[in-house]
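Enquirer: no letters, just coordinates:
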């Protein structure tokens, strides 16, 4: 006589009731994400073997997994290496990986890693949850560098956190590990003092990345764990306490749920454990914007005093004219012996833009500039030029450094076919995008005036 597991039936019925939840798409198939809360929805439980694999009062697991109608690769469903990568079209609910107050279990790949399929067009930005699986945990080992490095783990049918990454010491999590469920950072959920995880490869997901990367590759990348010390929203970077270098906000995630073997699953205090909407996520790349040169001149025709607590980012970026060559909106270029030095006016003196502890002595004319347009480049016109003919500044710090590649020059010949120009005294062709017009000037003791 066949015995009916009525608790499993009830959970499957509960799964059907979640149909009213807004749908998420996984590989083009609809997925209804469960509601947020410390205990995942019955639907999520059904997706993990109807309780069998999670020890929900039923017989020990036989290894067979049931995901009760969920799309393959979704809702913590079994994932084989040969399966299409389960890309999401929005950040996943962090509570999806929690069932009955415990980490959700799923069957891990048993086939060959060589069966992985390359997907060079996958978009791995924050809007697509950085191509993490919907039930991924980021696990840190406190014994290793103080728990400042986390990697991706999933929980197998026996409840063991497993590192699946090929080429790494794959296996169960080390003793004393801390596992985090995370969501992409946004302007509303990130604050100084919060616990966050940033992709350890500073380029990926950031301003210098196309964000088109193979999901399964990015799923195995390292993440730096740290307490947020400073946020520069305009530059799109964040600093962690004890870390000298910044990280791109577009490749940073907020820790919202913590799991330890001793303490179990707990929501992290001070943050909301919910998935942000796609519109809230931070996209790779700077917002196209150019500062107004006259905005740094007051009604008294004198430079405005500016304080700026943020250090310059040295992360690789595409510092083109479209994004104002990554210059801070307060930058002046001070003529120091014929060389332009990026500077900031403090109200008393100019200081080096990237090294504010150094005041600029015997400053000459100071200029405010903006990116040049090709139609404005006329023979004899004086302008600022970035010397590297291959590109603009490679980072924000390079754009502001006192010994940067900026130079004063005069336009000689413009080539409209190749959108380049030469300067007097040189045959080198520079991209139009490397030029900045001198808009206004100021000399101590005088009023700011337009460059004629």
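Expert: Great, that's in hand. For clarity, every value in this text was computed on a predicted model and none was experimentally measured.
Enquirer: next SSE downstream of the lowest-mean-pLDDT helix or strand in the chain?
Expert: Using mean pLDDT, DSSP states H and E, helix 42-46 stands out as the lowest-scoring helix or strand of the chain, at a mean of 34. Using DSSP states H and E, the next helix or strand after helix 42-46 towards the C-terminus is strand 98-99.
Enquirer: and the helix or strand just after that following strand, what does it pack against?
Expert: Next along the chain after strand 98-99, taking DSSP H and E as the criterion, comes strand 102-103. With contacts taken as 3 or more Cβ pairs under 8 Å, 6 or more residues apart in numbering; DSSP states H and E, strand 102-103 sits against strand 264-267. All C-beta atoms are positioned from the backbone trio N, CA, C, and that covers glycine.
Enquirer: mind listing what's buried along the strand it packs on?
Expert: Buried positions in strand 264-267, judged by neighbour count with 16 or more other Cβ atoms under 10 Å: 265, 267.
Enquirer: burial of residue 149, as a residue count?
Expert: Residue 149 has 17 neighbouring residues, counting by other Cβ atoms under 10 Å.
Enquirer: partners of the one helix or strand residue 367 maps to in the sheet?
Expert: Element membership for residue 367 (DSSP H and E) is strand 366-371. Sheet pairing of strand 366-371 (DSSP bridges) gives strand 332-336 (antiparallel), strand 435-442 (antiparallel).
Enquirer: tell me what angle the helix or strand just after the shortest one forms with strand 332-336.
Expert: Using DSSP H and E, the next helix or strand after strand 332-336 towards the C-terminus is strand 339-345. When axes from the mean of the first three to the mean of the last three Cα atoms, to 10 degrees is applied, the directions of strand 339-345 and strand 332-336 differ by 130 degrees.
Enquirer: show me what contacts residue 111?
Expert: 80-82 (Cβ atoms under 8 Å, 6 or more residues apart in numbering).
Enquirer: distance to residue 379 for these - can I get that in a markdown table?
Expert: Listed next are the contacts of residue 111 as a markdown table, based on distance: Cβ to Cβ, whole Å:
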| residue | distance to residue 379 |
| --- | --- |
| 80 | 65 |
| 81 | 62 |
| 82 | 63 |
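Enquirer: among those, name the buried ones.
Expert: 80-81.
Enquirer: so which of the contacts of residue 111 is the closest to residue 163?
Expert: residue 81 (14.8 Å; Cβ to Cβ).
Enquirer: that closest one: what's it in contact with?
Expert: 109, 111-116.
Enquirer: let's go with 7 Å and repeat that
Expert: 109, 111-113, 115-116 (Cβ atoms under 7 Å, 6 or more residues apart in numbering).
Enquirer: with residue 268 instead?
Expert: Residue 268 is in contact with 195, 255-258, counting by Cβ under 7 Å, 6+ apart.
Enquirer: which of the residues you listed lies closest to residue 406?
Expert: Of all the contacts of residue 268, residue 195 has the smallest distance to residue 406: 39.2 Å, by Cβ to Cβ.
Enquirer: backbone dihedrals for that closest one, both of them.
Expert: Main-chain dihedrals, residue 195, degrees, to the nearest 10: phi -90, psi 120.
Enquirer: now it: how far from residue 155?
Expert: Using Cβ to Cβ, to the nearest Å, one gets 21 Å for the distance from residue 195 to residue 155.
Enquirer: higher neighbour count, these two?
Expert: residue 155 (26 against 18).
Enquirer: so how far is residue 132 from the more buried one?
Expert: Residue 155 is 14 Å from residue 132, by Cβ to Cβ.
Enquirer: so residue 273 makes contact with residue 94?
Expert: Yes. Using Cβ atoms under 7 Å, residue 273 is in contact with residue 94, at 5.1 Å.
Enquirer: which residues are common contacts for the two?
Expert: By Cβ under 7 Å, 6+ apart, the residues touching both residue 273 and residue 94 are 256-257.
Enquirer: okay, now residue 405: neighbour count?
Expert: As a burial measure, residue 405 scores 15 neighbours (other Cβ under 10 Å).
Enquirer: where in the stretch 201-350 of the chain is pLDDT low?
Expert: Along the stretch 201-350 of the chain, segments meeting pLDDT under 70 span 201-220.
Enquirer: in it, which spans are strands?
Expert: 223-232, 237-240, 247-248, 252-260, 264-267, 332-336, 339-345, 350-352 (DSSP state E, counting those that start in this stretch).
Enquirer: check the gap between residue 445 and residue 221 for me.
Expert: 55 Å.
Enquirer: so which of the two has more stuff around it?
Expert: Counting neighbours by other Cβ under 10 Å for residue 445 and for residue 221 shows that residue 221 has the greater number, 20 against 6.
Enquirer: these two touch, right, that one and residue 197?
Expert: No. Residue 221 is beyond contact range of residue 197, at 10.8 Å (criterion: Cβ under 7 Å).
Enquirer: the protein - how does it break down into domains?
Expert: 79-280, 293-450 (automatic domain parsing).
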